[in-house]
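1. Have a look; sequence and predicted model below, questions after that.
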Amino acid sequence: MLSHASAMGLPVPQGYVILHEAWQHALDANLAVRHQGTVEAPDAQRLRSGLALPSLPGPLAVRSAFSSEDGAAQSQAGFYATCLWVDAQDAGQLASALCEVWSSGHAETQRRDILVMQMVDAKVAGVAFTERDYEDDLVNYTSGTAQGLVAGEVEGEALQLLKLSPGSRRVTAALTEPWAIRLQELLRAVRCRFGDCDWDIEWADDGTTCWLVQIRPVTRRTRRNEAFTIANFKEILPELPSRLMTSLIASCADGLFAYYRAFDPTLPAHRPLIEVFYGRPLFNLSLLCDMLRHWGLPTRLVSNSIGGDVDRDTALHLPRLLKSAPALLRLSASQFNAVAQSRRTGRALVERAQQPGDTFAACMDTLQELFTSLVCQMLALTGAMSGPLLLLRRAGVLEEHHARQRTDATEMFIDLAPLRHLAAHRPGIRADLERGRLPADTEFRQVWDAFLAKHGHRGIYESDIARPRFREAPETILASLLHASEGRQARTAPTWRGRLTTPLWWYASRAIRARENLRAQAMRGFEPVRERLLALASEAVARQLLPTLETLWMLDIDEVRQLDQGWRPSSDFLAQREQEIARLSTLPVPDLLHRFDDLQSTLHVNTAPDNGRWTGISLTAGEVEGRAWVLREPATALPDGFSPDQTILVARSVDAGWIPVFGCVRGVVVETGGDLSHGSIILREIGLPAMTNARHVTQQIKTGDWIKLRADVGVVEMR
């Protein structure tokens, strides 16, 4: 391939190939002989003249180019000998180098071609992988020659280089080394000449030219140190989700990214959208950012959508945006129709869930269908609302409009008001609630039954199928009825900006309502699947396949399927699984991590601001002071000495399952979230003073700390 590269104008050192047939001739003519597994040249000058080797100026690199080295499915690069700085005028050195390379091949069936090229006096050299599925090229480099790097003897340094598009003159702004810019241009030239495929390239830079010294197809895709975020899952799942739900979500990864590939088949085909780290499902943030970069869109749109941090912020790229216009138009058309489609999807989800199946395997299939359909439709709705909400926030009217919005989740908050009123004004009801009993009062029971009929399918961290629904476990809601805060802000009169942006809000609000109502419909569908799973688990307990019902949630989906065949997890298996779950539960996974991060090394990093002040995203207006109540999971029994009107909830994330808690506090500070997060939408609609994306607050603020929340500017301060 190097000869083709040279013919195409790429910078390739002068050289030639000694074919396998020359090796055979050398043996037949006794120019070279085998002795105890090695090859020797009895007469170096005779070997050189017998092979009629061309003359090249300067020192040489003598390298293997064996047939087994660059196979289509497997590469053995670095397995065979390479000799550098061989004196071209010294027949003895050249013969010795040829024999050393020939000797490094042991299979008789392989061709033993040898590549001889002019030596590059490299200041920097290395290996680069350019792959279709990535927007950056992966580079490993070292000073001097890269022989040790290629052979795996030295680690070298790693670098991600932005791919240059054909005709583009842009280079990565952070590049200060001229060799890196020259390498960037060489890799672009390789793609232009050989096609935008996956290439494994060896290169050497002599200070003025970056030389191509080897090119071969990538035989095994690289495993890169990609960035992952727990931000969106942190909002809807418990701190450590059940093993079953985590594995189910991961199993849907390909189907979820297929949503985007349906609009643009040129998007990555072999990178999973979701992977599991430390027992938690995490979104591949690098993949999502690469998708936006591929389309020429700014990567900050990812954090605006799902919250959390972006590993690297890149700006709008107009040429790429124009090139991606057809795919983006198809995506936009889908988002425009997303509201109507979501209604059909919601009905289909509920209908599908009514027949979850009679086996564990069938229930797993049903859950995968429900989850994939739900998330794909949510992606469309999120895309439909993201642009308008960004414009409304910039216009300063987002909170004004949202305060008048009502979705299924906020109706739950509103529907608790009659129950709170009864608890506040009837001593008998309050006494029953204080004893942890469901009040027997007839009117209370009527209102309560109506509430459960409407909202009983919801629950705390309801997206985890292992979590009970409110219908099964109403204790949190009942306890919340004992507390009532006056934290909601009064609605303000419409402003002129609000009136001007009403059409834009109308478009966004349709998607917001559709998304939240679709989630409620999906949870209505999850309930019968959960009921069927519990019934099957009860049968498995009776057959002594499982020790308890709760054991089911400790298994992954493949293990659950095996229960249909009578598989019985051993006591040792379950003990090890319990130990693993206990260990994972102690690990506070950061919002942003990289594949090769050592989590233990990041556990004690001090992330507290020096001034006791945290900033984030303002969700509502209002300024309140009070005691911090730091919660990892929803609870409604206030700590001793706390009063609802002087309590500020501080949580890692919130969703519909936290609604009972919102009635017990004056304000809310959320660690992770964005404008489009479910919890953010609920808090804006309820009207509590609230902010989100306040980084690390649950680690640095303690329950009982006196804090001041300035929700209108997105600031929380220690007092």
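-> That came through, no problem. Residues are numbered from 1 along each chain as shown.
2. mind giving me the domain ranges of this protein?
-> 2-118, 124-217, 226-336, 613-718 (automatic domain parsing).
3. Pick the most buried one from those.
-> Most buried of the domains of the chain, by mean neighbour count (mean count of other Cβ atoms under 10 Å): domain 613-718, with a mean of 22. Every residue, glycine included, has its C-beta placed from N, CA and C.
4. Next, format the domains of the chain as TSV and append distance to residue 438.
-> Formatted as TSV, the domains of the chain follow (distance: least, Cβ to Cβ, whole Å):
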stretch	distance to residue 438
domain 2-118	65
domain 124-217	55
domain 226-336	25
domain 613-718	15
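5. List just the one of these that sits closest to residue 492.
-> Closest to residue 492 of the domains of the chain is domain 613-718 (Cβ to Cβ; 7.8 Å).
6. State the mean pLDDT of the closest one.
-> For domain 613-718, the mean pLDDT works out to 92.
7. And for stretch 382-395?
-> Mean predicted confidence for stretch 382-395 is 88.
8. related to what we said a few turns ago, looking at the domains of the chain, which is nearest to residue 422?
-> domain 613-718 (13.9 Å).
9. picking that back up, who wins for proximity to residue 411 among the domains of the chain?
-> Across the domains of the chain, residue 411 has its closest neighbour in domain 613-718 (9.4 Å, Cβ to Cβ).
10. can you give me the helices in the stretch 501-650 of the chain?
-> Counting by DSSP state H, counting those that start in this stretch, the segments of the stretch 501-650 of the chain that form helices are 502-542, 557-562, 571-585.
11. one step back: how about the domains of the chain, which one is nearest residue 447?
-> domain 613-718 (15.2 Å).
12. what about the helices in the stretch 351-500 of the chain?
-> Remark: helices assigned in the stretch 351-500 of the chain by DSSP H, counting those that start in this stretch are 360-394, 398-402, 408-415, 417-425, 427-434, 442-455, 475-480, 496-500.
13. who touches the last one?
-> Just to be clear, that refers to helix 496-500. Among residues not part of helix 496-500, those counted as contacts by Cβ atoms under 8 Å, 6 or more residues apart in numbering are 395, 396, 397, 400, 401, 505.
14. Narrow those residues to just the buried residues.
-> 395, 397, 400, 401, 505 (16 or more other Cβ atoms under 10 Å).
15. Grab the nearest non-local neighbour of the last one.
-> Among residues not flanking residue 505 along the chain, residue 401 sits closest, at 4.3 Å (Cβ to Cβ, 6 or more residues apart in numbering).
16. Quick check: that neighbour vs residue 675, distance?
-> From residue 401 across to residue 675, the span is 12 Å (Cβ to Cβ, to the nearest Å).
17. likewise residue 293?
-> Distance, residue 293 to residue 675, by Cβ to Cβ: 22 Å.
18. thinking again about what came up before, save the helices of the stretch 351-500 of the chain as a markdown table, and put in distance to residue 717 too.
-> Conversion of those to a markdown table gives the following (distance: least, Cβ to Cβ, whole Å):
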| stretch | distance to residue 717 |
| --- | --- |
| helix 360-394 | 23 |
| helix 398-402 | 20 |
| helix 408-415 | 27 |
| helix 417-425 | 31 |
| helix 427-434 | 35 |
| helix 442-455 | 36 |
| helix 475-480 | 28 |
| helix 496-500 | 29 |
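19. if we can go back for a sec, and which of the contacts of helix 496-500 is nearest to residue 584?
-> Closest to residue 584, out of all of the contacts of helix 496-500 and judged by Cβ to Cβ, is residue 401, at 41.2 Å.
20. pretty sure that closest one contacts residue 506?
-> No - using Cβ atoms under 8 Å as the test, residue 401 is too far from residue 506 to be in contact (9.3 Å).
21. which ones are touching residue 286?
-> Residue 286 makes contacts with 224, 226, 227, 228, 311, as judged by Cβ under 8 Å, 6+ apart.
22. Of those residues, which belong to strands?
-> For these, membership in strands holds for 227, 228, with DSSP state E as the criterion.
23. So for the contacts of residue 286, which is the shakiest by pLDDT?
-> residue 311 (66).
24. Could you list the low-pLDDT ranges of the protein?
-> Low-confidence segments of the chain (pLDDT under 70): 67-79, 106-109, 147-155, 167-176, 304-311, 485-491, 600-610.
25. what's the spacing between residue 673 and residue 551?
-> Residue 673 is 33 Å from residue 551, where distance means Cβ to Cβ.
26. still on that earlier bit, closest to residue 580 out of the buried ones among the contacts of helix 496-500?
-> For the buried ones among the contacts of helix 496-500, the residue nearest residue 580 by Cβ to Cβ is residue 401; the value is 46.7 Å.
27. Distance check, that closest one against residue 493.
-> According to Cβ to Cβ, residue 401 stands 13 Å off from residue 493.
28. do residue 37 as well
-> To residue 493, residue 37 is 92 Å away according to Cβ to Cβ.
29. so what's the closest residue to residue 430 other than its chain neighbours up against?
-> Using Cβ to Cβ, 6+ apart and skipping the chain neighbours, the partner closest in space to residue 430 is residue 423 (5.3 Å). Neighbour list for residue 423: 429, 430, 433, 481, 482 [criterion: Cβ under 8 Å, 6+ apart].
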